[in-house]
Structures are given as structure tokens and as C-alpha cells.
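> Sequence and predicted model, in that order:
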Amino acid sequence: MQGDEPFIKKEPLQNLLQVFQNDERHLIEVASLMHEINDENLIEDPNTVKVVVDKNMNALLFSRSVIPFQRDKTMSAVYYKHIGIYAYRKRALMNFTQWEVSPLEAIEKLEQLRYLENGIKIKMVLTNESPVSIDTLEDLERARKTINQF
């Protein structure tokens, strides 16, 4: 877990770990969480990291930009917010520390792109949870309000 995701609940973490428990052939090296978003402000916010996935729920790309770009307005697009929680096999984490910062990672400031640029798939797990992430001062204020609700 990363420090900017302090409100993550137990169930999404269990679902994330379940991906590895169901992977008998140990093909999955990295997994992470995502949540469907519909709020235009979040979709357009560069502090909201978006992810697009393939038909097997593997990440194709993470970006601070709006992805997918809805060129044809007659079609509906599905947008996913990346939740910065990861699960790794040990070798994947060890390999990550040996690789140099990748070009896309440097541009977007998103470390998970280093895996994709080195040919490592990231299995995405869809969750209904959308915890408050803390990336900006506005997020910190929302987090404080969330804490005060407990």
C-alpha cells in the first residue's frame, strides 16, 4: 500500500490477493485495483490516474490524461480510476528496483508504467470502493472530512 491511499478497506485488498491465489501457474506478477468513474471532473483531473484494460483485465496504459479519448460521441466510453494499491510477486518487485526509470514513467510520473514498458502485465481488479486518495491539498481536506465522519 502507498501512503496516499489510507482509507482502503479490507475487501478490495482480499480481492487483490485472491488474484494470486487463483493463479496456479504463477503467470501474474503484479496486480492493482481500479474503480469505474463517471464524474467528468475526475475523468479530466490529471491527479486522477486513469487506466485502460484489455479483455483479460490487464492494464494497457495508465495516464493522467483522459483515456480512452471519446472521439465518437455516439459511443459510450468506460473510464477507470487507478487506485494506488499493488500486489507483487517478490521477483517482480526485485526486478523493478533494477530497472531504470522508463520514458513514459518519467513523463507521466507514474511508476507502474515502468512495468508495462518492461513487458510486465499488470492484472487489474475492479472494485466498487473508491477511497479518498491524497495527492493534493484539496484531497487532504477531503481526507480530514472523511476522518471526522468516523
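Looks like it arrived, so ask away.

> Now do the same contact list for Ser102.
Residues in contact with Ser102 (CB atoms under 8 Å, 6 or more residues apart in numbering) are Leu113, Arg114, Glu117, Asn118. Heads up, the C-betas are built off the backbone N, CA and C, glycines and all.

> Which residue, neighbours along the chain excluded, lies closest to Val19?
Closest residue in space to Val19, ignoring its immediate chain neighbours: Ala31 at 4.7 Å, by CB to CB, 6 or more residues apart in numbering.

> thinking again about what came up before, just the buried residues of the contacts of Ser102.
Leu113, Arg114 (16 or more other CB atoms under 10 Å).

> Including distance to Lys73, could the contacts of Ser102 go into CSV?
Listed next are the contacts of Ser102 as CSV, based on distance: CB to CB, whole Å:
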residue, distance to Lys73
Leu113, 29
Arg114, 34
Glu117, 32
Asn118, 36
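
> Closest one of the contacts of Ser102 to Leu27?
Asn118 (16.0 Å; CB to CB).

> measure the closest one to Ser65 for me?
22 Å (CB to CB, to the nearest Å).

> same deal with Met75?
Applying CB to CB, the value for Met75 to Ser65 is 19 Å.

> More neighbours: these two, which one.
It is Ser65, of Met75 and Ser65, that has more neighbours when counted by other CB atoms under 10 Å, with 11 against 8.

> For that one, which three-state class applies?
At Ser65 the chain is in coil, as set by DSSP: H, G, I helix; E, B strand; the rest coil.

> for Val66, phi and psi?
phi -70, psi 110 (degrees, to the nearest 10).

> centroid residue for the chain?
Most central in the chain under CA atoms, centre = their mean is His82, positioned 2.7 Å from the mean C-alpha point.
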